[in-house]
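**Student:** Okay, sequence plus prediction incoming.
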Amino acid sequence: MMSSLSHLVKQAAVGSVRLELFCRNLSSSARSSMRILQFMQSEERFIGVRVDKEHIAKLSPSFSTDVCTALANHGQERLLAEAARCLQSGDKIELSQVTLLPPVTNPDKVLCVGLNYRDHCKEVGLPLPAEPVLFSKFSSCITTSGDIPIPSVTKCIDWECELVAVIGKKAKNVKEADALDYVLGYTAANDVSARDMLGSKEQPRNGGQFLTAKALDNFCPLSFDIVTKDEILDVDNIPLSTSVNGEVRQNSNTKEMIFNVPNLIAYASSIFTLLPGDIILTGTPSGVGFGRKPPLFVKSGDVVEVAIEGVGKVVNRFL
């Protein structure tokens, strides 16, 4: 496999014609196990791909400098081919020399799904929804591991561990059977929530909508990498967890999802067009703070770690 891949890499060049041929010839198995990311170096942004735990390879800035633009201008297959070419080039940068960014920074849509885990519905005493419960965050919510200031408008910050699907190409009226063809890969998120801005069942705030409780600045921290879908053997069977100051609070599996990733893409794309770089936060399992008796929320100084097996983790200190 490696000799075959090396041969293909030698055939690939910066020019679009040869890169197009590279895209056609590079098999999905040869592209497996790639982790795509974004980073800053010398005050410039780049796309990269992980080489190992301590090194990354840099995609040419002439190709693109951010994932959303690369997908929009070149397409999913060419982005993967360029990442594979850079991975095999032998050129690498030490992680200590760069600043990692969220893997997607300016998507057209930050789509979220509420009440999508059976165990979560049970803990909050709500029936299973008959169709996906969709809401949104904004690009200004996106951050990554690091400190998050606690907004003055809330005193009840909660955690929600979520698998995120990153859309790789334009999707409209997609069939469930074809849905994963539109996924570039996956990352991890904490769908941070201001529970007091939701109100209560008896006295809901904002008309009962989720937006004001979910869309505060920095309320969508993502892990550093987009793990290409080839690396995930079964997206319907992934362990995921949350810990607060080292104590496990959520511990579940994506098999608890009511609507899985293909369901969600098919449903959402029947309503609106999903664009390259859009992200879908697919819901959270049981173990959230407000589901406890008494409720338990994040305090200043708390460190929250969300981890999804085989995908990544995001660690934030709230201040």
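**Tutor:** Here it is on my side, so go on. Everything quoted here is computed from the prediction, not taken from an experiment.
**Student:** can you list the domain ranges for the chain.
**Tutor:** Per automatic domain parsing, the domain ranges recorded for the chain read 2-100, 110-318.
**Student:** quick one: buried residues of stretch 285-301?
**Tutor:** P285, S286, G287, V288, G289, F290, G291, L296, F297, V298 (16 or more other Cβ atoms under 10 Å). Every C-beta, even on glycine, is put in place using the N, C-alpha and C of the backbone.
**Student:** Isn't the first one up against I258?
**Tutor:** No - the pair P285 / I258 is not scored as a contact, 11.1 Å apart, by Cβ atoms under 8 Å.
**Student:** so what's in contact with those two at the same time?
**Tutor:** Taking Cβ atoms under 8 Å, 6 or more residues apart in numbering as the criterion, P285 and I258 both touch Y117.
**Student:** export the domains of the chain to JSON lines and tack on mean pLDDT?
**Tutor:** Below are the domains of the chain laid out as JSON lines (pLDDT from 0 to 100):
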{"stretch": "domain 2-100", "mean pLDDT": "78"}
{"stretch": "domain 110-318", "mean pLDDT": "96"}
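**Student:** Tell me which of the ones you listed is the most buried.
**Tutor:** Mean neighbour count (mean count of other Cβ atoms under 10 Å) peaks for domain 110-318 among the domains of the chain, with a mean of 19.
**Student:** now it, how far from the centre of its chain.
**Tutor:** Its chain's average C-alpha position is 9 Å from that of domain 110-318, according to Cα atoms, centre = their mean, to the nearest Å.
**Student:** Now do the end-to-end distance for it.
**Tutor:** With Cα to Cα, to the nearest Å applied, domain 110-318 spans 22 Å between its terminal residues.
**Student:** and what of stretch 139-149?
**Tutor:** For stretch 139-149, the first-to-last residue distance is 17 Å (Cα to Cα).
**Student:** What lies in contact with it?
**Tutor:** Contacting residues not belonging to stretch 139-149 are listed as 100-102, 104-107, 110, 192, 214-224, 313-319 [Cβ under 8 Å, 6+ apart].
**Student:** Filter those residues down to the ones in helices?
**Tutor:** The helices, defined by DSSP state H, take in K214 from the contacts of stretch 139-149.
**Student:** Which of the contacts of stretch 139-149 fall in strands?
**Tutor:** Those of the contacts of stretch 139-149 mapping onto strands are L100, V110, C220, P221, K313, V314, V315, N316, R317, F318, per DSSP state E.
**Student:** ok, now how distant is the residue nearest to L71 when sequence neighbours are not counted from C86?
**Tutor:** Distances taken as Cβ to Cβ, 6 or more residues apart in numbering place P276 nearest to L71, at 3.4 Å, with adjacent residues excluded. P276 sits 20 Å away from C86, going by Cβ to Cβ, to the nearest Å.
**Student:** One more: F135?
**Tutor:** 37 Å.
**Student:** try E176
**Tutor:** Here E176 is placed at a distance of 33 Å from C86 (Cβ to Cβ).
**Student:** Helices of the stretch 1-150 of the chain, residue ranges please.
**Tutor:** Counting by DSSP state H, counting those that start in this stretch, one finds helices in the stretch 1-150 of the chain at the ranges 2-11, 16-25, 67-74, 76-88, 118-124.
**Student:** before we move on, back to that, which of the ones in strands among the contacts of stretch 139-149 sit farthest apart?
**Tutor:** Among the ones in strands among the contacts of stretch 139-149, the pair separated by the greatest distance (Cβ to Cβ) is V110 and R317, at 22.4 Å.
**Student:** before we move on, which element is P262 in?
**Tutor:** Element membership of P262, judged by DSSP states H and E, is helix 261-271.
**Student:** and after that helix, which helix or strand comes next?
**Tutor:** For helix 261-271, the following helix or strand on the C-terminal side (DSSP H and E) is strand 279-281.
**Student:** residues in contact with A189?
**Tutor:** C161, E162, L163, V164, C220, P221, L222, S223, I279, L281, V306, V314.
**Student:** do that again at 6 Å, thanks
**Tutor:** A189 sits next to E162, V164, C220, L222, L281 when contact means Cβ atoms under 6 Å, 6 or more residues apart in numbering.
**Student:** Let me know the closest of the ones in strands among the contacts of stretch 139-149 to G208.
**Tutor:** For the ones in strands among the contacts of stretch 139-149, the nearest to G208 is V110 (20.4 Å; Cβ to Cβ).
**Student:** distance of T282 from D196?
**Tutor:** Distance from T282 to D196, by Cβ to Cβ: 25 Å.
**Student:** Using TSV, lay out the ones in strands among the contacts of stretch 139-149 together with distance to A72.
**Tutor:** Compiled in TSV, the ones in strands among the contacts of stretch 139-149 are given as follows (distance: Cβ to Cβ, whole Å):
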residue	distance to A72
L100	22
V110	16
C220	21
P221	24
K313	28
V314	25
V315	30
N316	29
R317	34
F318	34
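**Student:** with the residues you listed in mind, which one is nearest to S62?
**Tutor:** Closest approach between the ones in strands among the contacts of stretch 139-149 and S62, by Cβ to Cβ: L100, at 21.8 Å.
**Student:** The closest one touches M40, doesn't it?
**Tutor:** No - look at L100 against M40 with Cβ atoms under 6 Å: they stay out of range, at 8.2 Å.
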